[in-house]
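# Next comes the sequence, and after it the predicted model I'd like to discuss.
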Amino acid sequence: MSSPLPPPQLRLGVNIDHVATVRNARGGVHPDPVKAAMTAIAAGADGITAHLREDRRHIRDADMANLKAAIGATPLNFEMAATKQMLDIALSVKPHAACLVPERRTERTTEGGLDVVGQHDHLVPFASELKRAGVRVSLFIEPSREALEAARSIGAAIVELHTGAWCEAMMARDETSAAREFERIRTSAEYAAGLGLECHAGHGLDYHTARQVAALPQIVELNIGHFLIGDAIFVGLFQAVKTMRTAMSEGRRAIAGDTK
Ligand code: PXP
């Protein structure tokens, strides 16, 4: 009897937005998000993610171009709102992938998934233009069937499931909500794969939650920023990325019941 196929490899995308947050606190050029990206890659990151927000509170236009030039063949994931200005920038930077996210000026971070049902017709032309330019299209969505079906109908190749509500419940040690939220992620990952969508996940992940979500075999990429940049203050970015990779590998191995 042939043994079952191993789950696909789990990639780590490191989001370097908050290196730019620290840089911008004083103006100037230090710390440099490009140097952070190179360090993360050296430590085992499979890709770099950066969010060019409308208010440019962290990443700036020049960072996107500099990152693209510096990281070479390593995939760059450009997080962006679905606006004409961002589309034009993305078409000129030509990242490996663009992840469309909702954006409100008053929020501290991306607070929820895209309203892919209500904004369906607005999002379709963004997805088509990006695809035409050879950019893979990802939609950052809530883990729900309706959102997944809308994402497929919009024409995205990838969905990134918002893990924020689950991570918050885990942090608050609210076991009931955490179990409910994790189940939403688990069933959505399964449903996404059934629809032929590549499934990513991110927001609020730390070593513990990344290890747990890594055990969902349909999820092939995690995008992680704030926790890694925060832990880098204590252990350095190279070590933080390495520890994250180990946590992800441990979670992945648990699928096969191999906990060595
Ligand atoms: N994925 C998306 C789409 C995001 O908007 C963010 C936050 O910028 C992340 C992942 C990373 O979240 P965190 O910084 O909480 O790890």
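That came through, no problem.

# how about the nearest residue to Asp206, chain neighbours excluded?
Excluding its sequence neighbours, the residue lying closest to Asp206 (Cβ to Cβ, 6 or more residues apart in numbering) is Phe227, at 4.4 Å. All C-beta spots, glycine's among them, are computed from the backbone N, C-alpha and C.

# any idea how far the one you found is from the ligand?
Note on Phe227: its distance to the ligand, by Cβ to the nearest ligand atom, to the nearest Å, is 6 Å.

# What helix or strand is that residue located in?
According to DSSP states H and E, Phe227 maps onto helix 226-235.

# what helices or strands is that helix leaning on?
Here helix 226-235 touches strand 11-15, helix 17-26, helix 237-253, going by 3 or more Cβ pairs under 8 Å, 6 or more residues apart in numbering; DSSP states H and E.

# got TSV for these, with mean pLDDT, distance to His122 and mean neighbour count too?
Formatted as TSV, the helices and strands packed on helix 226-235 follow (pLDDT from 0 to 100; distance: least, Cβ to Cβ, whole Å; neighbours: other Cβ atoms under 10 Å):
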stretch	mean pLDDT	distance to His122	mean neighbour count
strand 11-15	98	25	24
helix 17-26	97	25	18
helix 237-253	97	34	19
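
# which parts of the helix holding Phe227 are buried?
226-229, 231-232 (16 or more other Cβ atoms under 10 Å).

# same thing with stretch 132-148?
135-144, 147-148.

# Just the closest of the residues you listed to the ligand, please.
For the buried residues of stretch 132-148, the minimum distance to the ligand (Cβ to the nearest ligand atom) is 3.9 Å, reached by Phe140.

# Just list whatever residues bridge to the residue positioned nearest the centre of the chain.
Residue closest to the average C-alpha location in the chain (Cα atoms, centre = their mean): Asn223, at 3.1 Å. Taking DSSP bridges as the rule, Asn223 bridges to Gly13, Gly202.

# where's Pro6 relative to Gly251, distance?
According to Cβ to Cβ, to the nearest Å, Pro6 stands 14 Å off from Gly251.

# Also Val220?
13 Å.

# what do the two both touch?
Shared contacts of Val220 and Gly251, defined by Cβ atoms under 8 Å, 6 or more residues apart in numbering, are found at Leu10.

# what's in contact with the strand or helix carrying Leu87?
Leu87 belongs to helix 84-93 when assigned by DSSP H and E. Applying Cβ under 8 Å, 6+ apart, the contact partners of helix 84-93 are 52, 54, 61, 64-65, 68, 76, 78, 80, 98, 126, 129-130, 133, 135.
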